[in-house]
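> Provide a 3D model corresponding to the input given below.
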Amino acid sequence: MKMNEKSVKAVQFLIDHGKFDNALKKLDGLGQSERCAHWNYMKGVALTGKGWYLSAEKFLEKARELDPDNEEYRKTIRTVNERTVSKDFDGYEKVDPCRTNDEDEHRRVLWGLWCI
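As a prediction, this is how the structure comes out:
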């Protein structure tokens, strides 16, 4: 399984421009045959952009499981893990608001993920 290069570029463009909901819709609209390690990675990055670190972590872990030798996936998981603070009893994600409410901080995190 492999993602179509056109799809990869389209999703990457959306993520790079902060259009995380559109990126997630595009990813979810792709067929099962494209849901490879990189699909899971990109979904995790888009979820990270929305500040949904715990959800992102699941997809990033799946990407690593499908492609265990990919260092980029491992580094991204470490970065997301560092940003995750806690999960409360009813399942809602909680993150440090000082580190995630700032739109520029989101961009720095995502830029760091893409540059890993």
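> can you tell me the helix or strand for the residue nearest in space to the middle of the chain?
For the chain, Val45 is the residue whose C-alpha lies nearest the centre (CA atoms, centre = their mean; 1.6 Å). Secondary structure from DSSP states H and E places Val45 in helix 37-49.
> show the average pLDDT along that helix.
For helix 37-49, mean pLDDT is 94.
> elements contacting that helix?
The contact analysis (3 or more CB pairs under 8 Å, 6 or more residues apart in numbering; DSSP states H and E) places helix 37-49 against helix 5-16, helix 20-29, helix 53-66, helix 71-83, helix 103-115. Backbone N, C-alpha and C define where each C-beta goes, glycine included.
> related to what we said a few turns ago, ok, the residue nearest to the centre of the chain touching Ile15?
Yes - contact between Val45 and Ile15 holds when scored by CB atoms under 8 Å: they sit 5.9 Å apart.
> pretty sure Lys2 sits against Ala37.
No - applying CB under 8 Å as the test, Lys2 and Ala37 come out as separate, 9.1 Å apart.
> quick one: which of those two has more around it?
For Lys2 versus Ala37, the count of surrounding residues by other CB atoms under 10 Å is larger for Ala37: 19 against 11.
> residue contacts, the more buried one?
Contacts for Ala37 (CB atoms under 8 Å, 6 or more residues apart in numbering) come out as Lys62, Ala63, Arg64, Leu66, Asp67, Asn70, Tyr73.
> all set now, cheers.
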